[in-house]
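**Q** pasting the structure only:
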């Protein structure tokens, strides 16, 4: 069904309601909800633009595993996701606060699960770390880890 935000104006100008058959009248102040899959696709597309070794085959399953509501909260705060196959045990997820990005190893099922767990916990609390942080496969914070340097594609 097509949506018209100006339908009231059209009616005011004399068009009959029959002329608007097949259209849904949406008031300007009403927000039309995005389908859940759209937010996942936005994160996948963003990863393709900024993550240096992005592969749709690697990124998609991990990003689609993150809850919709979590991604919506992350988007609100300007955070995004980048797959990084350099992440090795015991690390599963790394957060680079200065770049506002979470990374995970898309080839590790434990890392994919930890990404969902860690991002969901942080989104619910809305208490994101202020610095570099790593978590293991169970979602426990790690300290004293040597982490790979994050390199993003330059903005054009």
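**A** Right, received. Where do you want to start? As the structure is a computational prediction, the values presented were derived from the model and not from experiment.

**Q** can we go C-alpha only for contacts and neighbour counts from here?
**A** Noted.

**Q** So which bits of the longest helix anywhere in the chain are buried?
**A** When the chain is parsed with DSSP state H, its longest helix is helix 109-125. Of all the residues in helix 109-125, those buried under the rule 16 or more other CA atoms under 10 Å are 110-120, 123.

**Q** Against which helices or strands is the helix or strand just after it packed?
**A** Using DSSP states H and E, the next helix or strand after helix 109-125 towards the C-terminus is strand 133-135. If you count contacts as 3 or more CA pairs under 8 Å, 6 or more residues apart in numbering; DSSP states H and E, strand 133-135 packs onto strand 93-96, strand 141-142.

**Q** So what touches strand 133-135?
**A** Contact partners of strand 133-135, identified using CA atoms under 8 Å, 6 or more residues apart in numbering, comprise 91-97, 114, 118, 141-143, 145.

**Q** Mind putting these into TSV with distance to residue 66 and pLDDT?
**A** TSV is the format used below for the contacts of strand 133-135 (distance: CA to CA, whole Å; pLDDT from 0 to 100):
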residue	distance to residue 66	pLDDT
91	18	96
92	14	97
93	13	98
94	15	97
95	15	97
96	18	96
97	19	95
114	10	97
118	10	98
141	19	96
142	21	96
143	24	93
145	25	90
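
**Q** most neighbours, which of those?
**A** residue 93 (33 neighbours; other CA atoms under 10 Å).

**Q** In a markdown table: the helices and strands packed on strand 133-135, plus distance to residue 149.
**A** A markdown table is the format used below for the helices and strands packed on strand 133-135 (distance: least, CA to CA, whole Å):
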| stretch | distance to residue 149 |
| --- | --- |
| strand 93-96 | 9 |
| strand 141-142 | 17 |
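
**Q** which stretch among those strands comes nearest residue 58?
**A** strand 93-96 (15.0 Å; CA to CA).

**Q** Quick check: which ranges of this protein have low pLDDT?
**A** Within the chain, the stretches with pLDDT under 70 are 1-36, 54, 155-156.

**Q** Domain parsing of the chain, as residue ranges.
**A** Residue ranges for the domains of the chain, per automatic domain parsing: 1-32, 36-142.

**Q** I appreciate the help and will end here.
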